[in-house]
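> pasted the sequence and its predicted model underneath.
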Amino acid sequence: MARAPLPEDTPVIAYAKVCKTYGEGATRFQALTDVDLEIRRGEFVAIMGPSGSGKSTAMNIMGCLDTLTSGSYRFFGTPVESLSQDQCALLRRNYIGFVFQGFNLLRRTSAQENVELPLVYRGQRPVERAQLAQAALAEVGLKGWEHHTSAELSGGQQQRVAIARAIVTEPALLLADEPTGNLDTHRSDEIMQLLVRLNQDRGITVVMVTHETDMAAYADRILHFVDGRLVSDTPTDGIRSSAQNSGGQ
């Protein structure tokens, strides 16, 4: 399926008074309250906040994994709340890549086969899938590891496979939920440098949820949530470059 062209100057993500409520009555929980934000093409944005602050809910709505209760969410100008479930699935498939803390790989399946999965859902031919998956693995530094299973890879390598799977469809938006949460400091820095490179070289917009201040320093901006509200939107002037230098590039 051919993707529709995306407008250049329209924000990738635009929230207007977004609210999210779970449950009713005594079990009612307000996860997000009147959230306004914009994320533009090519930005790298980190979302931070304590447990229960709403940061993961905000990301899940961005990725069409959850729906808002009120307000508006526009993805490149399209009001997502007006889309059907099938349309949301097509939006995810064609424009959004996901990276999770737990990698979410099939352990007895090769790295290449894991990366090919999104292309299977697109209905692409096996030869095309193999070529694209191999190229994505090479881009994340795993050339020669195509036929190793997840069980044979280190945590850092597994996360690289997960990133390759997320970018093999050439998404406009990459959503990363605690991508370094299961990694040591050295591997975390490697993964962050990879995300920065994909952001800068390929122009992929990256939004990352993290609780680690040193990982958030790689982003252009930090959005901080508390009790379901966006309380600050802070540029990381000078922090990103120093963080990259300390990462050993």
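Received the coordinates, thanks.
> now the most centrally placed residue in the chain: phi and psi?
Centroid-nearest residue in the chain: Leu175, 1.0 Å away (criterion: Cα atoms, centre = their mean). Main-chain dihedrals, Leu175, degrees, to the nearest 10: phi -110, psi 120.
> i'd like the first residue to be 135 from this point on
Right, with 135 as the first residue, what we last looked at is Leu309.
> that one against Phe232, yeah?
Yes: in this structure Leu309 lies within contact range of Phe232 using Cβ atoms under 8 Å: 5.4 Å. For the C-beta atoms, the positions are set from N, CA and C on the backbone; glycine is no exception.
> that older thread, ok, the residue nearest to the centre of the chain to Lys277 distance?
Between Leu309 and Lys277 the computed distance is 26 Å (Cβ to Cβ, to the nearest Å).
> about what we covered before: so what sits against both of Leu309 and Phe232?
Gly197 (Cβ atoms under 8 Å, 6 or more residues apart in numbering).
> returning to what we had before: excluding chain neighbours, what is closest to the residue nearest to the centre of the chain?
In space, and not counting its chain neighbours, Leu309 is closest to Gly197: 4.9 Å by Cβ to Cβ, 6 or more residues apart in numbering.
> show me what contacts that neighbour?
So Gly197 contacts 226, 230, 232, 309 (Cβ under 8 Å, 6+ apart).
> what of Glu273?
Counted by Cβ under 8 Å, 6+ apart, Glu273 has contacts 298, 301, 332.
> next: Ala285.
241-242.
> same check, this time on the one 3 residues further on
Each residue near Ser288 by Cβ under 8 Å, 6+ apart is listed here: Arg321.
> relative to Leu329, how far out is it?
18 Å.
> what helices or strands is the helix ranked longest in the chain leaning on?
The longest helix of the chain (DSSP state H) is helix 319-336. Where contact means 3 or more Cβ pairs under 8 Å, 6 or more residues apart in numbering; DSSP states H and E, helix 319-336 is packed against strand 178-182, helix 289-301, strand 307-311, strand 339-343, helix 373-380.
> recalculate using a threshold of 10 Å.
Applying 3 or more Cβ pairs under 10 Å, 6 or more residues apart in numbering; DSSP states H and E, we find helix 319-336 packed against strand 178-182, strand 230-234, helix 260-273, helix 289-301, strand 307-311, strand 339-343, helix 347-350, helix 373-380.
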